[in-house]
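> sequence and predicted structure are below.
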Amino acid sequence: NKIMVAHTSTQHSSRRKYVTIKVNGRRTRLQLDTASDITLISRATWKHIGEPPV
C-alpha cells in the first residue's frame, strides 16, 4: 500500500495557509502548518483520498 502525493497549488490569507494536493490521484485542500509535529485530516478527507491505511 503506497500513498502518492503531488503538490498542485498554494493559497494563503493573513491567518492560514492552504495547499491543494493530489493524494492517490485525488485532489484535496489541506491547511499548511509548518510548525506542527503531526498531520490530522478529517474522516471525510480520508475517505475522499481512498481510505489509505493509517
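Sure thing, it's come through.
> what's the weakest-modelled helix or strand in this protein?
Least confident helix or strand of the chain, by mean pLDDT, DSSP states H and E, is strand 5-12 with a mean of 66.
> next helix or strand past it?
For strand 5-12, the following helix or strand on the C-terminal side (DSSP states H and E) is strand 17-23.
> quick one: list the elements packing against that following strand.
Applying 3 or more CB pairs under 8 Å, 6 or more residues apart in numbering; DSSP states H and E, one finds that strand 17-23 contacts strand 5-12, strand 26-32. Where you see a C-beta, it was placed from the backbone N, CA and C, and this is true even at glycine.
> ok, I49 - contacts?
23-24, 26, 28, 41 (CB atoms under 8 Å, 6 or more residues apart in numbering).
> and the residue nearest the centre of the chain, what is it in contact with?
Closest residue to the average C-alpha location of the chain: L30 at 4.2 Å, with CA atoms, centre = their mean. Each residue near L30 by CB under 8 Å, 6+ apart is listed here: 18-21, 41, 45.
> and those residues as TSV, adding pLDDT?
Formatted as TSV, the contacts of L30 follow (pLDDT from 0 to 100):
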residue	pLDDT
Y18	85
V19	87
T20	89
I21	87
I41	88
T45	90
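> in TSV, list the residues you listed along with distance to P52 and neighbour count.
As requested, the contacts of L30 are exported to TSV (distance: CB to CB, whole Å; neighbours: other CB atoms under 10 Å):
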residue	distance to P52	neighbour count
Y18	21	14
V19	18	15
T20	18	13
I21	13	18
I41	10	15
T45	11	14
